[in-house]
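*Asks:* Here's a sequence, model it:
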Amino acid sequence: QVHLVESGGGLVQAGGSLRLSCAASGRTFSSYAMGWFRQAPGKEREFVAVISRTGSRTYADSAKGRFTISRDNAKNTVFLQMNSLKPEDTAVYYCAARNQGVASTRDVSYDYWGQGTQVTVSS
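*Replies:* Model (predicted):
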């Protein structure tokens with residue numbers, strides 16, 4: 001069992017930055033693929049960025065060039081650096097872990113989820 005706790009969300013003006021963190025329990029964090037997903041009000045949850053156990057990264061088109069996913073296996077933590085934020089980035093952001101080390105952009109592929117952290121971008 002893996003317990004995930006997100007932090008770093010908040011209210012920011014358009015053009016600003018936020019850094020989300022997701023701390024994971026367990027001794028095998030380095031073997032997991034990790035992902036960030038988000039869900040805006042009235043919309044389905046969508047893929048934002050994923051990182052494999054080897055560090056390979058994949059981004060949604062909406063995140064490319066603005067967001068960076070990274071991981072620190074020594075600290076059992078995955079990060080999402082978000083720059084040039086837009087009002088349409090407003091959502092609850094969720095961290096997810098996948099037992100398989102290969103990352104997937106499909107949320108159904110992930111085995112563990114955090115509780116989410118709210119990101120609100122004002123115009």
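*Asks:* Show me what the residue most central in space within the chain is bridged to.
*Replies:* Closest residue to the average C-alpha location of the chain: W36 at 2.2 Å, with CA atoms, centre = their mean. Assessed by DSSP bridges, W36 has beta-bridge partners A49, C95.
*Asks:* residue contacts, it?
*Replies:* Counting by CB atoms under 8 Å, 6 or more residues apart in numbering, W36 touches 20, 22, 48-50, 69, 78, 80, 93-96. For every residue, glycine as well, the C-beta is placed using N, CA and C.
*Asks:* Closest one to S31 out of those residues, please.
*Replies:* The closest of the contacts of W36 to S31 turns out to be V78 (CB to CB; 13.2 Å).
*Asks:* Okay, and that closest one sits in which element?
*Replies:* strand 77-82 (DSSP states H and E).
*Asks:* Please name the strands paired to that strand in the sheet, noting orientation.
*Replies:* By DSSP bridges, strand 77-82 pairs with strand 18-24 (antiparallel), strand 67-72 (antiparallel).
*Asks:* What are the buried residues along the last one?
*Replies:* In terms of neighbour count (16 or more other CB atoms under 10 Å), strand 67-72 has its buried residues at 67-69, 71.
*Asks:* from the residues you listed, which is closest to G9?
*Replies:* F67 (13.9 Å).
*Asks:* That closest one contacts S84, correct?
*Replies:* No. Counting by CB atoms under 8 Å, F67 stays clear of S84, with 9.1 Å between them.
*Asks:* circling back: how far away is the residue nearest to the centre of the chain from G26?
*Replies:* Distance, W36 to G26, by CB to CB, to the nearest Å: 18 Å.
*Asks:* ok and the stretch of helix or strand V121 belongs to relative to strand 18-24, angle-wise?
*Replies:* Using DSSP H and E, V121 falls within strand 117-122. Going by axes from the mean of the first three to the mean of the last three CA atoms, to 10 degrees, strand 117-122 is angled at 170 degrees with respect to strand 18-24.
*Asks:* From the chain's centroid, how far away is strand 117-122?
*Replies:* How far strand 117-122 lies from its chain's middle: 14 Å, per CA atoms, centre = their mean, to the nearest Å.
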